[in-house]
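K.L.:
Need a 3D model of the sequence below.
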Amino acid sequence: MPFSRTPLILALLAAVAPAHATDTTTDTASEPQATHLAPVHVNANGNLGYHANNSQLDTFGSFGNAPLQDTPAAITVITRDQIDDRQPHTLSELARSDAALGDSYAPVGYYQDIAIRGFALDLATGYRLNEMSLVGEQPVALEDKQRVEILKGLGGLEAGVVAPGGLVNYVSKRPADVRSATVGTDSHGSRYLALDVGGWLSPTFGVRVNAAHEDMNSYVQHADGRRTFLSLAADWKISPNATLQLDSDYQTSGQRSVSGYQLLGGTTIPANPSRTRLLGFEPWQRPVGIDASNSTLRFNYRLGDAWSAQLSASHSHAVIDDNVAFAYGCFYSADCASGATPGYFFAPNGDYDIYDYRSPDDTRVNDEARAVLKGSFDTGAISHEVSLGSSAFRRTIDRRAYVYDYVGTGNINQVNPPYFAPSPNQPGNSVRRLTSWQHSVFALDRVHLGEQWQVLAGARFVRLHERAYDSSGAPERDTQLSKMLPQAAVLWQPTARLTGYLSYSESLSLGNEAPYWTSNGGTTLAPLLARQSEAGLKLAWSDALSLTAALYRISQPYQFAQPGQTAEGFTFVQHGNEVHSGLELNAAGQLSDRLRLTASVNLIRARAENTGSPTYEGHQVVNVPRVRSALYLDYRLPFAEQLSVLGGWRYASSNMATPDGVTRVPAYSVFDAGVRYASQWNGHEMTWRLSIDNMFNRFYWRDTGSSGGDSYLFPGAPRLARLSLTFAF
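P.N.:
All right, here's what the predicted structure looks like:
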């Protein structure tokens, strides 16, 4: 457990010194000789555990230089202690920490996406590393992350063109004097090794290296995998006013992707699904390989007591070798021959088609540069804190013409489907499929009106130019637009520990691509403007416990496959609005010296309105449970100071699986447990951790999300125990 030296010893010495001051005229020979005692070191625990006071998003982000208590937005910080204790290995497992988060197409063995407040994040712009853009099409390692920050709600001022759910910001560990190794395993026999080594090579230059290797034995048959990770963080204190920070990482991974279930006949939930079965398994299916590298460079310069500047650049690069024996639809099943069942669902009898899908060298690259100037000044009795900045962001996608060929038909009741030969076809050459540029300027002014009131007003002007190309490289779409995205808030602080706020913001996101089975399949719809209003309260119950509440309303145009008279039967449109209104309650920190917790509840009403299709209205939208809750406790036993017991509870109400509201998956409760034991061996700290997810082995559907306009059902993981030992050397 990290400790920080406090200046208390200096204060004690200063207080004691006058008592021992001597008169210079006194004969020192007659005084008793001083006895030299061993030095006394006073240490204080500087680890806030499950509680955080600040985030990057409110330092050089979109809310000015202020602590979380003074931020007019709902931000959850998942601390390093939480990550260590719960031992998440995937984004889906990390998302369990907050009730406002949920899965949104998160297969085992593939890169995953989540939804915040019911809106799926944009993989292109919804994920960030040290506030800079991160390619979302990669599994992000957590070994080198100090914390994970989640902005719940619109991030237009922070990121420009971004989906309305919010942002996930991964924050890297900084150089420190640390040397530790972690070894681990789980109840399926996985093997895990991680190293965390750092130090200051001089008073002004420090480094930190994290490395990890994992051999994953999956609970899904035939889906074992592996990954290797390496990262470097370096800080250079060039001068008292200038600091340069570098972070760079590389990860390679490989694991067979697990296809999701689909509704039988488009209306029925599979009666006896298996959590351990790899649908569509064929021996020739190779693992999905993902090689990813991410780098950020930040130069901070203090211009004076009141002004500072930051220059940042980032590069994020992911190459996906997609290889799937994909279970999808029932076009070739005899049970769907009549045409009564849409071919893009499983057949009523459980049949599904198997496709040989290969898309190697799928390359996604995000590059971003940003400059921010921050400062404060007074105009009479009014104080201002301002942020001014500009950014340029480019995203490119290079892909080869993929293979997607039908090879045979299986059934969900088969342990393994019959063997079918793979397609003889091969992927084509790599071509540029997308080039997207965003150029932005932004400004924010936090105005202090006396001791109790603050007003925030800001905006980002974004200019988007996006070119898309078909599989031959020919131009397919050219999108150009400019938009001003405002953000405003009023804060009231009757006491130093209580903050109330009202806020309004807007953001812009790109329209979805129409599914292939609609009359306008492959067409990308117009960009969407989202609006959010939020009212919140933040109470610092103590220095180590915070309580927050937020009421919010988010609205954007509703995108859906509208039934019609076309030959395909559907046309993908934007019509009416999708409105998510909700209440969030959160607590994080220490209730006592022995008990710490995180707790959250999200109550949400997500509806489609004025769509022109009455069957899609009057009920919850797909994959947004009305109620979610998450509770995690950590209690240090009074009779065994080194031993702590951990417990967790996750709940989600019933979840819609069809846009007409006819079919839904049932509610679920899942209980987790664990222990942590801290000891020493030959003066070295040792920490044992045992965590058990889904302790009662409950079956549940964790995700009814969609991808490419098609809906899938993913079961939650069965009971899984993880054991790890961290040794400081």
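K.L.:
switch to C-alpha atoms for all contacts and neighbour counts from now on
P.N.:
OK.
K.L.:
which residue is nearest the centroid of this protein?
P.N.:
Geometric centre of the chain, nearest residue: Val168, 4.0 Å, by CA atoms, centre = their mean.
K.L.:
Bridged to that residue, which residues?
P.N.:
On the basis of DSSP bridges, Val168 is bridged to Tyr127, Ile150.
K.L.:
Surely it is in contact with Gly153?
P.N.:
No. Using CA atoms under 8 Å, Val168 makes no contact with Gly153, being 10.9 Å away.
K.L.:
one step back: mind checking how far the residue nearest to the centre of the chain is from Gly521?
P.N.:
Using CA to CA, to the nearest Å, Val168 is found at 31 Å from Gly521.
K.L.:
Could you list the low-pLDDT ranges of the protein?
P.N.:
Low-confidence segments of the chain (pLDDT under 70): 1-48, 58-62, 64-65.
K.L.:
Who does the helix or strand harbouring Leu633 pair with, and is each partner parallel or antiparallel?
P.N.:
Element membership for Leu633 (DSSP states H and E) is strand 627-636. Here strand 627-636 has these sheet partners by DSSP bridges: strand 595-609 (antiparallel), strand 643-652 (antiparallel).
K.L.:
Same list, these, but as CSV with mean neighbour count and distance to Asn130 please.
P.N.:
Converted to CSV, the strands paired with strand 627-636 look like this (neighbours: other CA atoms under 10 Å; distance: least, CA to CA, whole Å):
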stretch, mean neighbour count, distance to Asn130
strand 595-609, 22, 24
strand 643-652, 20, 29
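K.L.:
How is Leu157 assigned, secondary-structure-wise?
P.N.:
Assigned with DSSP: H, G, I helix; E, B strand; the rest coil, Leu157 falls in the helix class.
K.L.:
got the residue ranges for the helices in this structure?
P.N.:
Using DSSP state H, the helices of the chain run over 8-16, 80-86, 91-94, 156-159.
K.L.:
what sits up against the second one?
P.N.:
Taking CA atoms under 8 Å, 6 or more residues apart in numbering as the criterion, the residues outside helix 80-86 that touch it are 49-50, 94, 145-147, 676, 689, 691.
K.L.:
Columns neighbour count and distance to Ser706 on top of those, output as TSV?
P.N.:
As requested, those are exported to TSV (neighbours: other CA atoms under 10 Å; distance: CA to CA, whole Å):
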residue	neighbour count	distance to Ser706
Gly49	18	36
Tyr50	23	33
Leu94	20	20
Lys145	19	29
Gln146	16	31
Arg147	21	29
Arg676	21	38
Arg689	22	35
Ser691	24	31
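K.L.:
now, which of the residues you listed sits nearest Val407?
P.N.:
Comparing the contacts of helix 80-86 against Val407 with CA to CA places Leu94 closest, at 36.1 Å.
K.L.:
re the thing from before, who touches both of Val168 and Gly153?
P.N.:
In contact with both Val168 and Gly153: no residue, using CA under 8 Å, 6+ apart.
K.L.:
Now for Arg394: which residues touch it?
P.N.:
Going by CA under 8 Å, 6+ apart, Arg394 touches 366-368, 435-438.
K.L.:
Report the beta-bridge partner residues of it.
P.N.:
Assessed by DSSP bridges, Arg394 has beta-bridge partners Asp367, Trp437.
K.L.:
same thing with Gln574?
P.N.:
According to DSSP bridges, the residues that bridge with Gln574 are Gln559.
K.L.:
May I ask you to confirm that it is in contact with Tyr558?
P.N.:
Yes. Counting by CA under 8 Å, Tyr558 is a contact partner of Gln574 at 5.4 Å.
K.L.:
I'd say Phe727 and Asn682 touch.
P.N.:
No. At 11.3 Å, Phe727 does not count as touching Asn682 under the criterion of CA under 8 Å.
K.L.:
Let's have the contacts of Arg394 in a markdown table, adding distance to Gly189 and neighbour count.
P.N.:
As requested, the contacts of Arg394 are exported to a markdown table (distance: CA to CA, whole Å; neighbours: other CA atoms under 10 Å):
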| residue | distance to Gly189 | neighbour count |
| --- | --- | --- |
| Asn366 | 36 | 23 |
| Asp367 | 39 | 22 |
| Glu368 | 41 | 21 |
| Thr435 | 43 | 17 |
| Ser436 | 44 | 18 |
| Trp437 | 45 | 18 |
| Gln438 | 46 | 20 |
